[in-house]
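Sharing a model that was predicted from the sequence below.
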Amino acid sequence: MSVNVGLPRDVVWHGRTVTTGIYKAPVDRRVALRTLNLDGDRQADLTVHGGEYKAVYCYPVAHYDYWTKELPGRELPMGVFGENFTTDGLAEDATHLGDRFSVGSAEVVVTQPRLPCYKLGVRFGSDDMVRRFLASGRTGFYLAVTREGEVGSGDEIKPISRDDNAVPVSEITRLYIAKRYDSEDVKSLQRALQVTALPESWKQYFRERLEKASV
């Protein structure tokens with residue numbers, strides 16, 4: 001629906017200056033999609049944003065209806081959640097870790113859900129926004145680029161393949177915040193750990209959770 005990019009900017013939040021790349025705006029041209037990001041797009045804190053496994057952030061346009069009701073009177077232009085691709089479809093419960101897609105002349109793979117940081121609160125002027133965003137389950141997800149190319153608004157995102165151990169993005173988010181695991185949760189995590197596209201940091205977190213669960 002929309003391709004959105006933006007460069008880091010300084011904003012004042014709670015009396016201090018914060019540098020953030022969350023302010024994205026739609027572009028009306030085709031954009032080069034490279035291994036680390038889209039042309040014209042940058043992240044401020046590369047320790048937690050951007051990089052190979054977070055080259056593109058996707059957010060379904062259907063979630064805008066939910067937030068319009070949750071945030072009455074607020075304008076919600078495309079890209080307001082910091083997403084690079086505002087998508088029609090690709091909901092978190094129907095999109096899986098390791099799903100591969102072509103978009104424009106590029107190819108991408110789903111790597112992880114978004115875990116919002118405080119800068120989402122900065123963008124919306126609300127400390128409560130991070131909690132509400134995560135609790136809603138409407139997190140969106142990240143893509144890694146497996147083949148560079150050009151993308152633009154209106155491009156179809158076409159499925160190429162699905163990992164044999166596929167676990168829905170929504171399931172990974174739920175398991176990340178769950179206080180305890182049952183036997184089915186353990187099976188889901190064991191599958192997720194076999195997905196090549198899931199970053200090692202996530203795998204390490206889940207391995208530690210599984211070790212504690214088995215004690």
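Now that the structure is in, tell me what you want to look at.

Low-confidence stretches in this protein?
43-50, 214-215 (pLDDT under 70).

that's a helix at Y64, yeah?
Yes - the assignment for Y64 by DSSP: H, G, I helix; E, B strand; the rest coil puts it in a helix.

Mind listing what's buried along stretch 17-37?
By neighbour count on 16 or more other CB atoms under 10 Å, the buried set for stretch 17-37 is 18, 20-24, 27, 30-31, 33, 36-37. Any C-beta I mention is one placed from the backbone N, CA and C, and that applies to glycine too.

Let's have the residues you listed in TSV, adding distance to R132.
TSV is the format used below for the buried residues of stretch 17-37 (distance: CB to CB, whole Å):
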residue	distance to R132
V18	20
T20	19
G21	21
I22	16
Y23	20
K24	20
V27	28
R30	35
V31	30
L33	30
L36	30
N37	27
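
For the residue most central in space within the chain, which non-adjacent residue is spatially closest?
By CA atoms, centre = their mean, the chain has its centre lying nearest to F141, at 2.7 Å. The spatially closest residue to F141, leaving aside those adjacent along the chain, is V169, at 4.7 Å (CB to CB, 6 or more residues apart in numbering).

Mind picking the two most distant members of the buried residues of stretch 17-37?
Greatest spatial distance in the buried residues of stretch 17-37: V18 and R30, 31.6 Å, computed using CB to CB.

Closest one to V80 out of the buried residues of stretch 17-37, please.
The closest of the buried residues of stretch 17-37, once distances to V80 are taken by CB to CB, is K24, at 7.9 Å.

Might one say that that closest one is in contact with L7?
No - the pair K24 / L7 is not scored as a contact, 9.7 Å apart, by CB atoms under 8 Å.

Which of the helices or strands spans the nearest residue to V11 once chain neighbours are set aside?
Residue nearest to V11 in three dimensions, not counting chain neighbours: V18, with 5.7 Å by CB to CB, 6+ apart. Using DSSP states H and E, V18 falls within strand 16-20.

counting contacts, what elements does the helix or strand just after that strand pack onto?
Next in sequence after strand 16-20, counting helices and strands by DSSP H and E, comes strand 25-26. Other helices and strands packing on strand 25-26, by 3 or more CB pairs under 8 Å, 6 or more residues apart in numbering; DSSP states H and E, are strand 2-5.

now the strand it packs on: how far from the chain's centre is it?
Distance of strand 2-5 from its chain centroid, counting by CA atoms, centre = their mean, to the nearest Å, is 14 Å.

who touches it?
Contacts of strand 2-5 with the rest of the structure, by CB atoms under 8 Å, 6 or more residues apart in numbering, involve 24-27, 31, 38-41, 61, 78-79, 83-86, 151-153.

In strands, which of these appear?
Within these, residues falling in strands by DSSP state E are 25-26, 31, 85-86, 151.
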